[in-house]
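# Quick one, fold the following:
(2 chains)
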Amino acid sequence: MRVVGGGWMLDKIFGKQARLPADEFGGLPFLGTPVEGGLRLTMEEIRQFVLISAARRGYPEPSHEMIADRVTWLDRRSLPGFGAWINELLDYQSETIEQRFSLTRPDGSLGRACPLFFGAKLDDKLDELTASDKPILFDAPSNPVLLLPKLARFIAPLGRLIMINWIKDNDEIAASVMDGFRIVHRGNSTQLFEAFTNSAKIGVSRYPEETQPVPPLRPAHRDEIVVPEALMGRLIRFMRTTA
Amino acid sequence: MTIYDATLEALESDSTIQAAWRDASPGDRSLLLTMLERGVGELLTVVGSANHALWSRFIAQGWMEQSLSGGPNESSPVETFRVKLTELGWRAIPIVLARLRIIE
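Here you go, the predicted structure:
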């Protein structure tokens, strides 16, 4: 196991005092391999970061492995799972975890609930959502890309193929088609990033494969990702301040 | 008929699939999930193995197709058997895995 592998990067972010002992994160060494512009992380390393950061944020313990599974499901498919998770951790620090587990924000506004809590709220609607011939729309949680693995885990043992419409300002900005293990998207990278992070509404329906050609779905294809320095810096600061 | 219904029907009508599943080890079975989870392009086994028997049943159902096989020869003393998932297999095998685990 590597120890303090990203020391040079920590120096850049935090100064010389940042050299971390191996147990800085509650017994885990600092993982990852420094590369130009960021840290190369394996899926196991991402999983470890998610497990620890979920605990630090106060997510109930039984959910930690589930969250790590969702994040790595996305990252294995070149989707921004780890980035969305870090944003989810950091963008709502002013709210307690109990407040995140509510469809109403502390200021009384609706929407942008925790996507993991929101996924659990969908449990009794998943069958209808993924079997419907017309898209069923709902208000998007924050970082809605984190909902995709939830849908994938549900449809895999049913052999279903579904379509997701990403909607913002009443316009569809992108779409995704997926089965339990593969996915493909419609939209350019800017549209997709906006869809995955800032959609206001999401539509889910069965894909009409009897009448429409099925676009080529792509399976998992990554075993590691490069996480930008700035993003890792934000996560490391969070982990240090919540230790 | 949906892929789900067709897959369940295949499991009921072809008892050799369940028999081959029972003969496969936990490690053999986990290979299938790894293939789905990690997008492994091909699986390789030895002719005559439990995996060979199971995957041959999947080929018969159109869920897998055989790709290159080889040996025995100077470089490989055993006859190998390579398979990959078909389009149908990507949808049907998750159903098979879920059902056979429940049946066990």
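# Report the rounded mean pLDDT for the strand or helix carrying B:Leu11.
Assigned by DSSP states H and E, B:Leu11 falls within helix B:3-13. Mean pLDDT, helix B:3-13: 97.
# Say whether chain A is contacted by that helix.
Yes. Contact of helix B:3-13 with chain A (Cβ under 8 Å from any Cβ of the partner chain) involves B:3-4, B:7. In this view, the C-beta of every residue, glycine as well, is placed from N, C-alpha and C.
# any chance of these in JSON lines, plus neighbour count?
Below are these laid out as JSON lines (neighbours: other Cβ atoms under 10 Å in any protein chain shown):
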{"residue": "B:Ile3", "neighbour count": "19"}
{"residue": "B:Tyr4", "neighbour count": "16"}
{"residue": "B:Thr7", "neighbour count": "24"}
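# Show the pLDDT at A:Gly233.
On the pLDDT scale, A:Gly233 gets 86.
# What is the three-state secondary structure of it?
The three-state assignment at A:Gly233 reads helix, by DSSP: H, G, I helix; E, B strand; the rest coil.
# So which residues of chain A form helices?
A:7-14, A:43-57, A:64-75, A:81-91, A:97-100, A:115-121, A:126-131, A:148-155, A:189-198, A:229-241 (DSSP state H).
# Next, count neighbours for the nearest residue to B:Thr2 once chain neighbours are set aside.
Closest residue in space to B:Thr2, ignoring its immediate chain neighbours: A:Gly159 at 7.0 Å, by Cβ to Cβ, 6 or more residues apart in numbering or on different chains. Using other Cβ atoms under 10 Å in any protein chain shown, A:Gly159 has 24 other residues around it.
# which ones are touching A:Gly159?
A:179-180, B:2-4, B:7, B:91-92, B:94-95 (Cβ atoms under 8 Å, 6 or more residues apart in numbering or on different chains).
# what's the answer for A:Asn165, then?
Here A:Asn165 is in contact with A:135, A:137, A:172, A:175, A:202-205 (Cβ under 8 Å, 6+ apart).
# which of these lies closest to A:Leu41?
Among those, A:Ile202 lies closest to A:Leu41 (Cβ to Cβ), at 28.0 Å.
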